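K.L.:
Here is my input; please provide its structure:
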Amino acid sequence: MDLNKNSKHILELSVVLFAVLVGFWVFISLTNQNANYKLAFGATYGLMALLGAIFGLLNANKWGGRKSALGLTIIFLSVGLLFAEFGQLVFSYYNIIKSVEVPYPSLADIGFFGSIPFYILGASYLGKSSGVKFGIKKPTAKLLAFLLPVFALYNAYHFFLAQYTVGNSSILKVFLDFGYPIGQAIYVSIAAFIFLTVRGSLGGIMKNRIMLVLLAFLAQFAADFNFLYQSAHSTWTNGGYGDLMYLIAYFMMTISIVYLCSPLKESSKA
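P.N.:
This is a model prediction of the structure:
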């Protein structure tokens, strides 16, 4: 996939930032550093989300901004990353200033959960920019549209919610425990449906970009699912592998936005 000069610079910066942050995580993990290093990692890796959000918002107008489906796709995905970074900062505030190890639920969920509707909107407009019509009349497409969300929701229920007990949990915690996997299953299903629908009709470059967004959604789904699971079993540790999963998710979404903001030129063989 071809990149313009601006996108190449951001891609290179993203890769360097990702390598530095992963290196920092490996260092504190292998050398068993004290909690302050782990909290520092938790407070800084959200820079990846901030980088992707700023780049996307600054470049969305080149693709029509709010007047085009692709522009809106970029805007919504970028705002989703911006909300995620807000959640990271508030989460770290509770960790460092309030000495709360796992602030869940908390004000941080305004950011984390707030990213979900924007990702859903981003996925929906990605479909529109790709020419996908969600009212397709083909029986196979209808079956696919039905099975994808059912499959995603079943897995979310089977692995996390099947043994769920309310106990003394607050209404907010119960809402978030169910809302996270259900909301994420929606945007993963939309992206997967788009990819499966257009794979035989679009050129290689656009299909690859849709695949990148889908993989970023799956990474985000896995990171949040892991947090919910670890939080429920009291095994979450700041600076642990769960934070690395979030870093990977933010990196993949940043890369997706970079490529969505790039020219749509492709070879005839694509």
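K.L.:
Show the contacting residues for Tyr180.
P.N.:
Shown in contact with Tyr180 (Cβ atoms under 8 Å, 6 or more residues apart in numbering): 112-113, 116, 224-225, 228. The way it works is simple: take the backbone N, C-alpha and C, and place the C-beta from them, glycine included.
K.L.:
Now which of those would you call buried?
P.N.:
112-113, 116, 224-225, 228 (16 or more other Cβ atoms under 10 Å).
K.L.:
Could you point out the helix or strand that follows the worst-scoring helix or strand of the chain on mean pLDDT?
P.N.:
Counting by mean pLDDT, DSSP states H and E, the chain has its least confident helix or strand at helix 139-156, which shows a mean of 70. Remark: after helix 139-156, the chain's next helix or strand is helix 171-198, criterion DSSP states H and E.
K.L.:
roughly how far out does that next one sit from the chain middle?
P.N.:
11 Å (Cα atoms, centre = their mean, to the nearest Å).
K.L.:
what's the angle between the next helix or strand after it and helix 171-198?
P.N.:
Next helix or strand after helix 171-198 toward the C-terminus (DSSP H and E): helix 204-232. For helix 204-232 against helix 171-198, the angle by axes from the mean of the first three to the mean of the last three Cα atoms, to 10 degrees is 160 degrees.
K.L.:
need the contact list for Lys169.
P.N.:
To be clear, residue 169 is Ser; Lys isn't right here. Ser169 neighbours (Cβ under 8 Å, 6+ apart): Asp177.
K.L.:
just the one 10 residues further on next, same as before
P.N.:
Gly179 makes contact with 113, 116, according to Cβ under 8 Å, 6+ apart.
K.L.:
Could you check how far it is from Ala232?
P.N.:
Separation of Gly179 from Ala232 (Cβ to Cβ, to the nearest Å): 15 Å.
K.L.:
in stretch 5-18, what counts as buried?
P.N.:
For stretch 5-18, by 16+ other Cβ under 10 Å, it's 7, 10-11, 14, 17-18.
K.L.:
For stretch 58-74, which outside residues touch it?
P.N.:
Contacts of stretch 58-74 (Cβ under 8 Å, 6+ apart): 6, 56, 75, 78, 121-122, 125-126, 128-129, 257, 260-261.
K.L.:
Report the separation between the two terminal residues of it.
P.N.:
10 Å (Cα to Cα, to the nearest Å).
K.L.:
Okay, now the unreliable bits of the stretch 101-250 of the chain?
P.N.:
132-142, 144-146, 156-165, 167-168, 199-205 (pLDDT under 70).
K.L.:
One more pass at 80, please.
P.N.:
130-169, 196-207 (pLDDT under 80).
K.L.:
if you average pLDDT over stretch 12-20, what comes out?
P.N.:
Summarised as a single mean, pLDDT over stretch 12-20 is 97.
K.L.:
how close does the spatially most central residue of the chain sit to Arg66?
P.N.:
Among the residues of the chain, Gln220 comes closest to the average C-alpha position under Cα atoms, centre = their mean, at 4.0 Å. According to Cβ to Cβ, Gln220 and Arg66 sit 24 Å apart.
K.L.:
Can you tell me which of the contacts of stretch 58-74 are buried?
P.N.:
56, 75, 78, 121-122, 125-126, 128-129, 257, 260-261.
K.L.:
Quick one: residues contacting the closest residue to Arg209 other than its chain neighbours.
P.N.:
Nearest residue to Arg209, sequence neighbours excluded (Cβ to Cβ, 6 or more residues apart in numbering): Tyr259, at 5.1 Å. Residues in contact with Tyr259, defined by Cβ under 8 Å, 6+ apart, are 1, 3, 7, 208-209, 212.
K.L.:
Sounds good, over and out.
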